[in-house]
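1. build me a model from this:
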Amino acid sequence: GAAIVTAYEVHKLINEAKIYEEEETKRNIKRIKLRSCRIQTAINCQCAIENLLPILRKRIFVKTDTSSLAKSLKLRRKNKNDSESKEIERELWDQIKISVLSRLILSSYCVIFLNLMLQVQMTIMGRNYLEKEDSDIDSKKIVLTNTYGYFLGDGLEV
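-> Below you'll find the model as predicted:
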């Protein structure tokens, strides 16, 4: 009788060990997939940022254009006969400084915001893809496209 109980306990322990091993294997596979998804998301995010930066740069340069101010300043320097020329030249320089500083701050803010937005949204999409929520991925792609269309399109106002 004791041998049967012992054999049963050994068989039970072996089955529990197999179940534990299968569960641990599943957890390891899930961790590997998650790590792979994070790496792929980081790569995709970096590529997207590199593709979107030229568009962002153009938008910022259009909004903070200093070419007309620079031309006016050059014309003022050529016509030094004006008595008010020094004062107007100083005002033009102040406007150029403000525009350049605005461009710097706006560029920093927009790049950080774009990076954060990409990281968050691509991480969410990557996680959903990992969990195989295919029907929800299309709607998230549409939201992502609309968000960047707004941010890099008419939504960027200075």
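2. what is the burial count for residue 38?
-> Other residues near residue 38 come to 14 when the count uses other Cβ atoms under 10 Å. In short, each C-beta sits where N, CA and C put it, glycine included.
3. let me see the contact set for residue 64.
-> By Cβ atoms under 8 Å, 6 or more residues apart in numbering, the contact list for residue 64 reads 99, 100, 102, 103, 106, 158.
4. buried subset of the residues you listed, written for PyMOL?
-> Buried residues within the contacts of residue 64, by 16 or more other Cβ atoms under 10 Å, are selected in PyMOL with:
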select buried, resi 99+103+106
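5. next one: stretch 4-19 to chain centre, how far?
-> 52 Å (Cα atoms, centre = their mean, to the nearest Å).
6. could I get that stretch in PDB with only the CA atoms?
-> Taking Å, rounded to 0.1, in the frame of the first residue of the first chain, the C-alpha atoms of stretch 4-19 are listed here in PDB:
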ATOM      1  CA  ILE A   4       1.300   2.600  -4.400                       C
ATOM      2  CA  VAL A   5       0.900   5.900  -2.400                       C
ATOM      3  CA  THR A   6       4.600   6.700  -3.000                       C
ATOM      4  CA  ALA A   7       4.300   5.900  -6.700                       C
ATOM      5  CA  TYR A   8       1.100   8.100  -6.900                       C
ATOM      6  CA  GLU A   9       2.900  11.000  -5.200                       C
ATOM      7  CA  VAL A  10       5.900  10.700  -7.500                       C
ATOM      8  CA  HIS A  11       3.600  10.600 -10.500                       C
ATOM      9  CA  LYS A  12       1.800  13.700  -9.200                       C
ATOM     10  CA  LEU A  13       5.100  15.600  -8.600                       C
ATOM     11  CA  ILE A  14       6.300  14.700 -12.100                       C
ATOM     12  CA  ASN A  15       3.000  16.000 -13.600                       C
ATOM     13  CA  GLU A  16       3.300  19.200 -11.500                       C
ATOM     14  CA  ALA A  17       6.900  19.600 -12.700                       C
ATOM     15  CA  LYS A  18       5.800  19.200 -16.300                       C
ATOM     16  CA  ILE A  19       3.000  21.700 -15.900                       C
END
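7. thank you, goodbye.
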